[in-house]
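J.: coords please:
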Amino acid sequence: MSLSKLLIIWPGSPVVSVLIWIVVTVLLLYLARTPAHRAILSLSRVIHNGLRLVARSVLLAEKRLVQRNKEVLLNCGIESVERLIEREFHRVNAVVKRDFSKYPTLHRALVDQTTRIDEDYHESAELPPSPPSWVKAVEAVAKIPSGGDGTVANILSEIHKTTVSQHKNSMEEYRKAVAERHGLLKRMMPYWRRLTQTLDVVGKTITGLQERSKVIDNRMTEYEEIRAKTDKSARMLTASSLTQFFISGFVLLIAIGGAVINFNLIALPMSEMVGGGSYIGSFKTSNVAALVIILVEVAMGLYLMESLRITRLFPIIGQMDDKMRTRMIWVTFSILLILASVESALAFMRDQIAADMQALRQSLAAVESTAESVNSWIPTVGQMVMGFVLPFALTFVAIPLESFVQSSRTVIGVAGAAMLRWVAFVLRLLGNIGRYLGELLVNLYDLLIFPPLWLENLIRKNRHQQPEVYIEEEVS
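T.: Residues are numbered from 1 along each chain as shown. Next up is the predicted model:
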């Protein structure tokens, strides 16, 4: 018996059968109204509470991630500031060794110059000439009355001449003494100039040390704030990390562009060395070989920067003793020089291969080349220079790479915390949607069985009104 025959209760009238089934269904739903409401509300509460618990767990994970990001950021900031403070102290040490190591000699020179200036100053002091001892005798003789005696007059005349002569001699001696004092003063000028220059050098050194001390004070203040784990220092370090991330990422993109140019420069001539028809998987062997050479150059550049202690990507290299580190510097630089020379030769070979391929195409096309290229050596020299310079340029990729790696930790942590925060928001939103969706389903359930609910409400209303009628009759 088919399902359609079972559904037909009133033969010959399917509409009546459908109405009967609707009435039966509504009555059954009405009888199951309370359990159905409980089931729908329980399901909505389970969804709501479950999603809220998951959202709370996600928020706790987000808080732990934020705390971990703050710790990592503060540790990186402490390390960076320590490196800056260490560099400033090295600069101060260099200034002290360069200038103040010569301070005993400088002090001795200052003392000698000051002593000579003092001696010359005392020697150049102007003293009034002492009057000659015979002046009193001349005065006594001059008081003798002549009495008209010619002999006395002659004696007085001779005394006058002698006095004038002695006066001239005294004035000449005085002028010579003044000239000598002026010479001594003139001789003091170079010492004054040397003393001034020496003091200027000392003043510049002291000024430089004061500026360095101010920089160190600022760095120490920043270091203390980071050690105190303040929110201000965390925000400053986060902003600095984001800035370094984007700047280093941009520089790395430029370096990738240079690596692509370097790859295209040596990929064609590598086919002559390793064979143009051989493949490693789906890649040409020449392309793989060119890529390996570029990667080896980058690796040598990283090792060279680590050996020079410019970067700190590999702490074990920086912890080597100076002798071993110097050897590693020369080894990595020699390998880079050899690879740069090889690339320069490959660039020269590339130009020759390109010229041979062009001649082959022209010969196959039966076209004679009548015009010769002008200054054909210019692109060849340019390719050779690029092939030699690019490996050394790729060496400096280590600096933005280190900055990118360090700042990416902070950026990834911030992005992860933001993603967890959004996930928690979506989960809470879905939980509330599930809760109100349960209420909506309850209301829709009651909407389907509204006829018996209407009758139930009508009967309840009549029951509440009957006692009031009886009370009114008794009062009347």
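J.: ok, and the helix or strand in this protein with the lowest average confidence?
T.: helix 3-7 (a mean of 51; mean pLDDT, DSSP states H and E).
J.: Might one say that G438 is in contact with N49?
T.: No: counting by CB atoms under 8 Å, G438 does not reach N49; the two are 11.7 Å apart. The way it works is simple: take the backbone N, C-alpha and C, and place the C-beta from them, glycine included.
J.: higher neighbour count, the two?
T.: G438 (21 against 13; other CB atoms under 10 Å).
J.: now that one: how far from R56?
T.: 20 Å (CB to CB, to the nearest Å).
J.: try V426
T.: On the measure of CB to CB, V426 and R56 end up 14 Å apart.
J.: now the helices: where do they sit in the stretch 301-450 of the chain?
T.: Under the criterion DSSP state H, counting those that start in this stretch, helices of the stretch 301-450 of the chain are mapped to 315-318, 322-364, 377-395, 398-448, 450-475.
J.: Residues contacting the shortest one, please?
T.: Contacts of helix 315-318 with the rest of the structure, by CB atoms under 8 Å, 6 or more residues apart in numbering, involve 303, 306-307, 309, 312, 325, 328.
J.: between those, which is closest to G413?
T.: R312 (20.3 Å; CB to CB).
J.: any idea how far the closest residue in space to the closest one that isn't next to it in sequence lies from E82?
T.: Closest residue to R312 apart from its sequence neighbours, by CB to CB, 6 or more residues apart in numbering: G318 at 5.9 Å. As for G318, its distance to E82 is 14 Å (criterion: CB to CB).
J.: before we move on, what about I459?
T.: From I459 to E82 the distance is 85 Å (CB to CB).
J.: Name the residue in these two with the higher neighbour count.
T.: E82 (13 against 10).
J.: and the more buried one, what does it touch?
T.: Applying CB under 8 Å, 6+ apart, the residues contacting E82 are Y223.
J.: quick one: what helix or strand has it in it?
T.: helix 33-99 (DSSP states H and E).
J.: the inter-axis angle of that helix versus helix 398-448?
T.: Here helix 33-99 runs at an angle of 170 degrees relative to helix 398-448 (axes from the mean of the first three to the mean of the last three CA atoms, to 10 degrees).
J.: and Q406, what does it touch?
T.: 76, 241, 244.
J.: Name the member of those with the most neighbours.
T.: S241 (24 neighbours).
J.: Run through the residues that contact that residue.
T.: Contacts of S241 (CB under 8 Å, 6+ apart): 73, 76, 406-407, 410-411.
J.: what stretches of the stretch 151-300 of the chain score poorly on pLDDT?
T.: 151-153, 155-157, 159-160, 164, 167, 174, 177-209, 275-276 (pLDDT under 70).
J.: Helices of that one, residue ranges please.
T.: So, for the stretch 151-300 of the chain - with DSSP H, counting those that start in this stretch - the helices run 231-274, 285-307.
J.: Nearest to R45 among those helices would be which one?
T.: helix 231-274 (38.9 Å).
J.: Now do the closest one and helix 377-395, the angle between them.
T.: Using the same axes, to 10 degrees: helix 231-274 against helix 377-395 is 140 degrees.
J.: so helix 231-274 versus helix 322-364, what angle?
T.: Going by the same axes, to 10 degrees, helix 231-274 makes 50 degrees with helix 322-364.
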